[in-house]
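**Student:** Any chance you can model this:
(chains A and B)
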Amino acid sequence: MTIFALGSGAAADSAPDASGLDRRMFMRGAGGLTFAVAIGLPALAAEARRVDLGPWVTLSTDGTITIRGPATEMGQGSRTSLPLIFAEEMDADWSKVRIVRAAPIDAVYGNPGFGGVMYTAGSSAVTGYYKALRQFGAQVRLVLLDNVARRWNVPASELTTEASTVVHAASGRRIGYGEIAAFAEMPAKAPEVRDADLKDPKTFRLIGKDVMRVELPTKVNGTADYAINVAFPGLLHGAVLRTPVPGDGPAAIDDSAAKAVRGFIRTVPLPYGVGVLADSTVAALAAKDALKVTWTRKAKGWGFDSEKGLEEFAAAARDPARPSKPWETAGGGAAALAACASVHEAEYRCDFAYHAQMEPLNAVASVAADGSACELWVGTQSQTMAVTAAATTLGIGPDKVTFHEHLLGGGFGRRGPRDMEFVVDAVLLSQAVKQPVKMVWSREDDIRNGRFHPLTAHHMKAGFDAAGQLVAWHHRKAADVVTEFQDPVRYQKAGQKDFIGMLGAELKTYGIPNRQVDQITMDSGMRTQALRGIGFGPNKWAVEVFIDELAILRGADPLAFRLDLLKGSPRAHAVVDKAGRMADWSRKREGRGLGVAYIDYSGTQIAGVVEVSVDRASGQIKLHDVWIALDCGVTVQPDNIVAQTEGCVVYGIGLALSERITMVDGEVQQSNFYDYLIPRMRDVPAIHVELIATPNHPTGVGQMATPVIAPAISNAVAALTGKRLRHMPMTPDRVLETMKA
Amino acid sequence: MSIAFRVNGRDVSVESEPDARLLWVLREQLQLTGTRYGCGTGLCGACMVHVDGDRAFSCQTSLHEVAGRSVTTIEGLSPDSSHPVQKAWLAESVPQCGYCQSGQIMSAADLLAKTPNPTRDQIVEHMSTNLCRCGTYPRIVRAIERAAKEA
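**Tutor:** This next block holds a predicted model:
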């Protein structure tokens, strides 16, 4: 194999990539992007020649183009859309493209927009990889053009490409990419990609045109490869009873009843709980349920009561003497309130919420009898974090972990904690029994062991000047530090900033000159985690309801009030205006109310209007229509963006109206879908989505509409009834209480 | 004990406790993993199958209840994803994570077998047994309407 590496910088270490290439060839360039070109010359028959054009793509003489997909797939579509971006610039015939999973190597496949880590989270896949994949694809195209130019003895500048074909217009000659693979040689130096070498977006054949997601056929015939389906001879089944409170462990274990369960094999004490092994999932779960364990009760979270806790959080947010960490300061900050002609205050609250991904957490691990190696089968939001978690648990190098990536039966943030505790469960059980183990959480385990969207309290102040302009803003939020629990590594790297909890509290687009956002860090000892919408969920709940209250206080129309504040942000202005037009905002509806909310979500501009009615006897809010206008820049897969947005709306409805986790003495009180209520089809209104395609760099869509829904509903209920709902979820009992007040 | 029934047109005999749940027999003894575990309590519908042509929560169905009867799972709905519901599901790009979709498809096929031209309200009523956390409901409605038209 002859290797040509490009760029400068240190070579990565040398574990083999799944493609059979060697890691040493993947050089990290100064820009943090990886590029390498390599040519494989296997001793095979000519017709079977495959050319490895770097770590991303392999070209075969039959025309097959194999592109590696670096993102995991949980329904959001980036397993398809990332290779599609590469294929666009390579000018590949999509029907010839085969997508395979990339090996878990951050140095090669890490998301340039996410700290170089293979981490499918934060709706960051397309936005993070877009530029790099276009460049890599273009580079491969230039290598192919150069080969044909030499073959035909014509200047490369006279050659163009069509789908998987190089064309020389002057002579009418054409050659397919597969034919080029038969003779392709690599230049000593890979071509440099200038902006002019990238396609004019007007000529895109794939970006902006819908293709079927590659894994979709497996999702209508039962063959989709979730980790929970893994089965092979010798596989044992495991379950884990975990401490209700993080940081605790078993003090005494009585497994006599578990032993009586048919199929029980053995008990495995763990630092944080008790595992059981059995000959089937049913037996493992039954034996786990039969365990009697007393806990050491040393951890912080014992005694925590979420209702009382929220009162404490609210008092802390309200108390100006309570120390806080700054998140955003602009202009004169909160001090500007002192000079205001009028100042308004309000308080908002959010309960804990649960991800409820439909596939309960599970993992399969096979640890070598001597503990020196491990094989994993898992659906995870980070391939490399899963590998690292297993390696760290066993005290072995990550190169000793063989990783099998699976589809995720839902993620929503839950399959992305740094410690990958569900992977560790499987690894520890397999290590103990020296056999492969499939570890499955029951739905009850999944809720009981949940890592939740945090409990939050927000104290808001805003000031108007004498001319009636909104000029000062102060948002004090009291909550547990999510980032520290979920990802201590990134928390330290970020200088102990709780970006997972706080993002979305900053106001980049509203023209409010003096702003301050502070975080009061609480420590309930509970587990917290990013959940679809992340910090934007609670933060935009507070911001967008408060903006609405301010508009009403000023006697302004809430939509016009926002448009006025967004004068300096044309893309933001456009989505609010569009959502209003879609909803026919100014038309009054008998017995119905309209509410609006707007979010700048990491660059994606999104606005929503909801139409509601309220059953005043039961307190049930009914949704009739939801209109969403969204500008995420270039729309890589438009119909998929619409699908994601529809899904975001449904998820947002659940968080807004019915989903609530409570804790008593540190223990989660809910256990299954009868007391944790997620939306059913009958709860979902007509959803209308319109995309405003702009030529801007594409930004995320996987969760952007979720945080729009709850504030829009509160605002609609206020428009209809004059009563203000300030606690999420807006359950019927809370609605009734508010209506009475 | 041994219980005989028919799965996807094939006669099977399973050694198990009579109160074993059909879901786990399908998944772990017959390797039919298209039928999914979601809640184990008949609340989510990820485990939906047909028993003698009627939909049933396989997590709530005991093995002895299907003795001598005919069970159809997603794998047996058609040999090649050619059932009108499966075709419509692809045409409307319904699945996202896909985990619940076997159950959704089995529920939809049951609806259309009995009500070939359902109203929107009938679709919503029938399909509200099945949870989808990704929120594909709008597309499920469209796909059922399409399947009804194209069947």
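
**Student:** Map the structural domains onto the sequence of chain A.
**Tutor:** Here chain A is described, according to automatic domain parsing, as comprising the domains A:2-216, A:227-299+A:361-440, A:306-353+A:452-740.

**Student:** and these as JSON lines, adding mean pLDDT?
**Tutor:** Converted to JSON lines, the domains of chain A look like this (pLDDT from 0 to 100):
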{"stretch": "domain A:2-216", "mean pLDDT": "80"}
{"stretch": "domain A:227-299+A:361-440", "mean pLDDT": "98"}
{"stretch": "domain A:306-353+A:452-740", "mean pLDDT": "98"}
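
**Student:** Is it possible to get a markdown table of those domains that adds distance to chain B and mean neighbour count?
**Tutor:** Using the backbone N, CA and C atoms, a C-beta is placed for each residue, glycine as well. Putting the domains of chain A into a markdown table (distance: least, Cβ to the nearest Cβ, whole Å; neighbours: other Cβ atoms under 10 Å in any protein chain shown) gives the following:
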| stretch | distance to chain B | mean neighbour count |
| --- | --- | --- |
| domain A:2-216 | 3 | 19 |
| domain A:227-299+A:361-440 | 3 | 21 |
| domain A:306-353+A:452-740 | 3 | 21 |
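
**Student:** Please verify my assumption that A:C340 contacts A:V471.
**Tutor:** Yes - using Cβ atoms under 8 Å, A:C340 makes contact with A:V471 at a distance of 6.6 Å.

**Student:** Give the residues shared as contacts by those two.
**Tutor:** Shared contacts of A:C340 and A:V471, defined by Cβ atoms under 8 Å, 6 or more residues apart in numbering or on different chains, comprise A:463-465.

**Student:** For stretch B:7-16, buried residues please.
**Tutor:** Using 16 or more other Cβ atoms under 10 Å in any protein chain shown as the test for burial, stretch B:7-16 gives B:7-8, B:14, B:16.

**Student:** how far out from the middle of the chain is stretch A:83-93?
**Tutor:** 24 Å (Cα atoms, centre = their mean, to the nearest Å).

**Student:** Show residues contacting that stretch.
**Tutor:** A:56-57, A:63, A:65, A:67-69, A:94, A:97, A:99, A:126, A:129-130, A:133-138, A:140-141, A:161-165, A:177, A:198-199, A:204-207, A:211, A:636-637.

**Student:** In helices, which of those appear?
**Tutor:** Among the contacts of stretch A:83-93, the members falling in helices (DSSP state H) are A:126, A:129-130, A:133-138, A:140-141, A:177.

**Student:** Just name the closest of the residues you listed to A:R616, please.
**Tutor:** A:R616 has its nearest neighbour among these in A:V126, at 44.4 Å by Cβ to Cβ.

**Student:** so what's that closest one up against?
**Tutor:** Applying Cβ under 8 Å, 6+ apart to A:V126 gives the contacts A:78, A:81-82, A:85, A:636, A:698, A:700-701.

**Student:** Recalculate using a threshold of 7 Å.
**Tutor:** Residues near A:V126 by Cβ atoms under 7 Å, 6 or more residues apart in numbering or on different chains: A:78, A:81-82, A:636, A:698.

**Student:** Likewise for A:A389?
**Tutor:** Here A:A389 is in contact with A:419-420, A:423-424 (Cβ under 7 Å, 6+ apart).

**Student:** Does it lie in a helix or a strand, and which?
**Tutor:** A:A389 belongs to helix A:383-394 when assigned by DSSP states H and E.

**Student:** For the residue of chain A found nearest chain B, give me its contacts.
**Tutor:** Going by Cβ to the nearest Cβ, chain B is nearest to A:G222 of chain A, at 2.0 Å. Contact partners of A:G222, counting by Cβ under 7 Å, 6+ apart, are B:34, B:73-75, B:102.

**Student:** Now it, what are its backbone angles?
**Tutor:** Backbone torsions of A:G222, given as degrees, to the nearest 10, read phi 90, psi 0.

**Student:** Where does the nearest residue to it once chain neighbours are set aside sit: helix, strand or coil?
**Tutor:** Distances taken as Cβ to Cβ, 6 or more residues apart in numbering or on different chains put B:G34 closest to A:G222, at 2.0 Å, once the chain neighbours are dropped. On the three-state scheme (DSSP: H, G, I helix; E, B strand; the rest coil), B:G34 is labelled coil.

**Student:** Same check on A:L559?
**Tutor:** Under three-state DSSP, A:L559 falls in the helix class.

**Student:** element containing B:D121, please.
**Tutor:** Element membership for B:D121, per DSSP H and E: helix B:120-127.

**Student:** Is chain A within reach of the helix or strand following that helix?
**Tutor:** Once helix B:120-127 ends, the next helix or strand along the chain (criterion: DSSP H and E) is helix B:137-150. Yes - residues of helix B:137-150 contacting chain A under Cβ under 7 Å from any Cβ of the partner chain: B:137-139.

**Student:** check contacts around residue 104.
**Tutor:** Because you didn't say which chain, this covers chain A. Shown in contact with A:P104 (Cβ under 7 Å, 6+ apart): A:118, A:383-384, A:387, A:403.

**Student:** wrong one, I was asking about chain B
**Tutor:** By Cβ under 7 Å, 6+ apart, the contact set of B:Q104 is B:130, B:132, B:140.

**Student:** could you dump those to JSON lines with pLDDT and neighbour count?
**Tutor:** Below are the contacts of B:Q104 laid out as JSON lines (pLDDT from 0 to 100; neighbours: other Cβ atoms under 10 Å in any protein chain shown):
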{"residue": "B:N130", "pLDDT": "98", "neighbour count": "26"}
{"residue": "B:C132", "pLDDT": "98", "neighbour count": "33"}
{"residue": "B:I140", "pLDDT": "98", "neighbour count": "27"}
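
**Student:** Between the residues you listed, which sits nearest A:S306?
**Tutor:** Each of the contacts of B:Q104 was checked against A:S306 using Cβ to Cβ; the closest is B:C132, at 27.8 Å.

**Student:** so the closest one sits right up against B:S102, yeah?
**Tutor:** No - contact between B:C132 and B:S102 fails when scored by Cβ atoms under 7 Å: they sit 11.6 Å apart.

**Student:** Check the chain and tell me which residue is nearest its centre.
**Tutor:** Using chain A here. In chain A, the residue lying closest to the centroid (Cα atoms, centre = their mean) is A:A121, at 3.1 Å.

**Student:** could you do chain B instead?
**Tutor:** Nearest residue to the geometric centre of chain B (Cα atoms, centre = their mean): B:M106, 3.0 Å.

**Student:** tell me the secondary structure for the spatially closest residue to A:A716 that is not a sequence neighbour?
**Tutor:** With sequence-adjacent residues excluded and distances taken as Cβ to Cβ, 6+ apart, A:A716 is closest to A:G595, at 2.9 Å. Assigned with three-state DSSP, A:G595 falls in the strand class.

**Student:** My understanding was that A:G595 contacts A:N715; is that so?
**Tutor:** Yes - counting by Cβ under 7 Å, A:G595 touches A:N715, with 3.1 Å between them.

**Student:** Which single residue in chain B comes nearest to chain A?
**Tutor:** Closest residue of chain B to chain A, Cβ to the nearest Cβ: B:G34 (2.0 Å).

**Student:** Surely that residue is in contact with B:G103?
**Tutor:** No - contact criterion Cβ under 7 Å: B:G34 and B:G103 do not qualify, at 9.5 Å.

**Student:** Kind regards, and thank you for your time.
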